[in-house]
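[1] Fold the following for me, if possible:
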Amino acid sequence: MQRTRFLLTALVLTLATASPALAVDTSKAYNSGILILLFIGFCALIIVAQLVPAVLALLGMTKEAGKRASSKKVAAPAKSR
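    Below is the predicted model of the structure:
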């Protein structure tokens, strides 16, 4: 009980001393306009548009490999006497 109380007190004191006063004001650091955001969004759209067909092709190849593996029959080794 004493240990739990000590840990809880230490946690509360640690969290109470942490303050957002040291956070950076992003309005001074980030001054890009809407055109930059649109350009980055367009680049992200191009990347996503290229990922969709790649994932579909990967799934198709995986299914085809699974079908080929299941259709092949493994020959049992001959027993030697």
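[2] where do the helices sit along this protein?
    Counting by DSSP state H, the chain has helices at residues 2-17, 26-29, 34-71.
[3] any low-confidence regions in the protein?
    Judged by pLDDT under 70, the chain has its weakly predicted residues at 18-30, 73-81.
[4] Near I36, how many other residues are there?
    11 (other CB atoms under 10 Å). Any C-beta I mention is one placed from the backbone N, CA and C, and that applies to glycine too.
[5] What separation is there between it and F42?
    11 Å (CB to CB, to the nearest Å).
[6] Can you get me a residue count around F6?
    F6, neighbours per other CB under 10 Å, totals 10.
[7] I'd like the distance between it and L35.
    In terms of CB to CB, F6 sits 55 Å off from L35.
[8] How about M1?
    Taking CB to CB, one finds M1 at 61 Å from L35.
[9] the more surrounded of these two?
    L35 (8 against 5).
[10] Might you report the residue contacts of that one?
    By CB atoms under 8 Å, 6 or more residues apart in numbering, the contact set of L35 is empty.
[11] and the gap between it and G41?
    With CB to CB as the criterion, L35 and G41 are 11 Å apart.
[12] can you check G66 too?
    37 Å.
[13] Next: A69.
    A69 is 42 Å from G41, by CB to CB.
[14] do T17 as well
    39 Å.
[15] who's more crowded, those two?
    Neighbours per residue (other CB under 10 Å) separate T17 from G41, with G41 holding more: 10 against 7.
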